[in-house]
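Predicted structure and sequence below. I'll ask about it afterward.
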2 protein chains.
Amino acid sequence: MTIRLYDLAGAEEDRRFSPFCWRIKMALAHKGLAVDEVPWRFTQKDAIGFTEQPRVPVIIDTANGDKTVWDSWNIALYLDQAYPQNPLFTENSGQAATYFFKAWAERTLHPGVAKQVLLDVYNHLHDMDRDYFRTTREKVFGMSLEEVVATADETLPAFQASLAPMRATLEQYAFLGGDTPSFADHVAFGPFAWARAVSEKTLLSGDDAVHAWRERMLDQYDGFARRAPGYAV
Amino acid sequence: MTIRLYDLAGAEEDRRFSPFCWRIKMALAHKGLAVDEVPWRFTQKDAIGFTEQPRVPVIIDTANGDKTVWDSWNIALYLDQAYPQNPLFTENSGQAATYFFKAWAERTLHPGVAKQVLLDVYNHLHDMDRDYFRTTREKVFGMSLEEVVATADETLPAFQASLAPMRATLEQYAFLGGDTPSFADHVAFGPFAWARAVSEKTLLSGDDAVHAWRERMLDQYDGFARRAPGYAV
């Protein structure tokens, strides 16, 4: 009674390289589950034909009525549900994974939004702050505030494309935290709240999952963020 | 008894835009904690001089002995520890945040590693798979396998730079899952195991936190991955 795993092999049967299969082999090792690895080559589509799709990893759980699962994400969710020991998704993983999200956001969302609205920020500053802001930000960007936003329209598609991993997540989950917001949502919302407070610029198209999520965040907590001074977005 | 928050303000006192402050205002709303917002401008460094650093958000928790915390990440950790209701980091957030990590990895790590080792993969394939692999991958990349890797040396620094959010996380945590590996680690390890199985190419410098993490992953589960056929990396 064990888990059978179809695993991509090279010319040598024991040389295994698929990054998607490696995810699952590591996850099985993490849980201490016995595995029967079946070497498989790309062109052996017939051998996994019972899944009616062409890719490995595929598992057959012989300890659970030959339950068959494919797609590495679905396999991971299945393993945590069927074998709760040594969870793959833990509360602790939420904190570190959120730290990763924060690190990504500060390198992607923050500069991406800045290139759209930095001059609008300047225009909304108190007089006492304007020289300070211009001097420090122009040093960071290595150009004038006007130059930073001069290419905003041309770089908007690249900004929207950079949201791809966030968009993919929000096509699967209502929030970055899953069913409810977590600190990852608060982190992601920050730069959008920043833009909304100072700029009329349209950053997201209406059919974007990120747009729908931003609407949910504006409505969250009895409309807390929506009540703040800002522009229609 | 409430939490005092120093919050960046514009010319109008109620126009608040700092993305870092917005994180914390949303987190406080999430927890249902009362907040006393103190408008602050960039140049009012003296007003937060008691923190001996120049940035907001800063909170003073008047319900907890005027506990003072700054840096938005530290504030989030403090709030979850001091006020456990409506957690900012939940088990559920681990799953969705890991999905985000997966979406990022498949758009960054996988193509980045492919540009280094795709021809090595081809050279390790079983004869029966070579034509299939060349045809399908050359269609995806829009060029020959040889052309994909022709610029590998020149693009290696960009690949290493693209690891920045992962590196930042691994400078704070032993694993992407925190103290122990989670499925995010298995996902991230996949492309490195892929490269190791087929290529002698050095992808990471020895002083990189990602290198140290990869060593830990190779040692994990009684050296499960290190025992697999592969090259010294």
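Ah, there it is.

CA atoms for contacts and neighbours, from now on please.
Will do.

Name the helix or strand of chain A that has the lowest mean pLDDT.
Within chain A, confidence by mean pLDDT, DSSP states H and E is lowest for helix A:91-107 among all helices and strands, at a mean of 86.

Okay, angle between the next helix or strand after that helix and helix A:91-107 too, please.
Following helix A:91-107 in sequence order, the next helix or strand is helix A:109-123 (DSSP states H and E). Orientation check (axes from the mean of the first three to the mean of the last three Cα atoms, to 10 degrees): helix A:109-123 against helix A:91-107 gives 50 degrees.

So what touches the least confident helix or strand of chain A?
Applying Cα atoms under 8 Å, 6 or more residues apart in numbering or on different chains, the set of residues contacting helix A:91-107 from outside is A:183-184, A:187-188, B:89-95, B:97-98, B:100-101, B:164-166, B:168-169, B:173, B:175-179, B:182, B:184.

Break chain A down into its domains, please.
Split into domains by automatic domain parsing, chain A comes to A:3-82, A:91-223.

any chance of those in CSV, with distance to residue B:63 too?
Shown next, in CSV, are these (distance: least, Cα to Cα, whole Å):
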stretch, distance to residue B:63
domain A:3-82, 40
domain A:91-223, 22
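
Report the secondary structure state of residue A:135.
Using DSSP: H, G, I helix; E, B strand; the rest coil, the structure places residue A:135 in helix.

thinking again about what came up before, in the least confident helix or strand of chain A, what's buried?
Burial within helix A:91-107, assessed by neighbour count using 16 or more other Cα atoms under 10 Å in any protein chain shown, is assigned to A:91-106.

Which parts of chain A are helices?
Using DSSP state H, the helices of chain A run over residues A:19-31, A:72-82, A:91-107, A:109-123, A:127-141, A:145-150, A:152-162, A:164-170, A:183-198, A:209-223.

what distance separates the third one from the centre of its chain?
Spelled out, it's helix A:91-107. The chain centroid and the centroid of helix A:91-107 are separated by 10 Å under Cα atoms, centre = their mean, to the nearest Å.

in chain A, what spans have low per-residue confidence?
For chain A, the stretches flagged by pLDDT under 70 are A:1, A:90-93.

which ones are touching the closest residue to residue A:182 other than its chain neighbours?
Spatial nearest neighbour of residue A:182, chain neighbours left out: residue B:88 (4.8 Å); criterion: Cα to Cα, 6 or more residues apart in numbering or on different chains. Residues counted as contacts of residue B:88 (Cα under 8 Å, 6+ apart) are A:181-183, B:27, B:30, B:76, B:80.

And residue A:211, by the same measure?
A:204-205.

coming back round to it: now for the helices of chain A, which one comes closest to residue B:224?
For these, proximity to residue B:224 was assessed by Cα to Cα; helix A:19-31 is nearest, at 7.5 Å.

Quick check: the residue nearest to residue A:182 vs residue A:106, distance?
Distance of residue B:88 to residue A:106, given as Cα to Cα, to the nearest Å: 19 Å.

go on, residue A:82?
To residue A:106, residue A:82 is 37 Å away according to Cα to Cα.

got it, and residue A:54?
Counting by Cα to Cα - residue A:54 and residue A:106 are separated by 38 Å.

Likewise for residue A:115?
For residue A:115 relative to residue A:106 (Cα to Cα), the value is 13 Å.

Ok, residue A:8 next?
On the measure of Cα to Cα, residue A:8 and residue A:106 end up 37 Å apart.

Any idea how many residues pack against the closest residue to residue A:119 other than its chain neighbours?
Leaving aside its chain neighbours, residue A:119 sits nearest to residue A:145 (5.8 Å; criterion: Cα to Cα, 6+ apart). Here the count is done by other Cα atoms under 10 Å in any protein chain shown, and residue A:145 has 23 residues near it.

Show the contacting residues for residue A:145.
Counting by Cα under 8 Å, 6+ apart, residue A:145 touches A:118-119, A:134, A:137-138.

tell me which of these is nearest to residue A:205?
Residue A:205 lies nearest to residue A:118 out of the contacts of residue A:145, by Cα to Cα, at 20.3 Å.

Isn't the closest one up against residue A:147?
No - at 10.1 Å, residue A:118 and residue A:147 do not qualify as touching, with contact defined as Cα atoms under 8 Å.

Looking at the two, which has the bigger crowd around it?
With neighbours defined as other Cα under 10 Å, residue A:118 and residue A:147 compare such that residue A:118 has more, 22 against 14.

where's that one relative to residue A:135, distance?
Per Cα to Cα, residue A:118 is found 13 Å from residue A:135.

Likewise for residue A:36?
Counting by Cα to Cα, the separation of residue A:36 from residue A:135 is 63 Å.

can you check residue A:183 too?
Distance from residue A:183 to residue A:135, by Cα to Cα: 32 Å.

Comparing those two, which residue is more hemmed in?
Ranked by neighbour count (other Cα under 10 Å), residue A:183 and residue A:135 place residue A:183 first, with 29 against 12.

What residues does the closest residue to residue A:12 other than its chain neighbours make contact with?
Take residue A:12 and drop its neighbours on the chain: the residue closest to it by Cα to Cα, 6+ apart is residue B:126, 7.3 Å away. Residue B:126 makes contact with A:9-12, A:41 under the criterion Cα under 8 Å, 6+ apart.

ok, now residue A:171?
Counting by Cα under 8 Å, 6+ apart, residue A:171 touches residue A:209.

Could you give the backbone dihedrals for it?
Main-chain dihedrals, residue A:171, degrees, to the nearest 10: phi -80, psi -20.

still on that earlier bit, which of the contacts of residue B:88 count as buried?
A:181-183, B:27, B:30, B:76, B:80.

Among those, which one sits closest to residue A:215?
Using Cα to Cα, residue A:181 is the member of the buried ones among the contacts of residue B:88 that lies nearest residue A:215, at 12.8 Å.

For residue A:79, the count of nearby residues, please.
21.

Look up how far residue A:73 lies from it.
In this view, residue A:79 and residue A:73 are 10 Å apart by Cα to Cα.

likewise residue A:65?
Using Cα to Cα, residue A:65 is found at 21 Å from residue A:73.

Just give the number of residues close to the closest residue to residue A:185 other than its chain neighbours.
Distances taken as Cα to Cα, 6+ apart put residue A:176 closest to residue A:185, at 5.5 Å, once the chain neighbours are dropped. By other Cα under 10 Å, the residues close to residue A:176 number 32.

buried stuff in stretch A:193-207?
Neighbour-count burial for stretch A:193-207 flags A:193-199, A:201, A:203-204 (criterion: 16+ other Cα under 10 Å).
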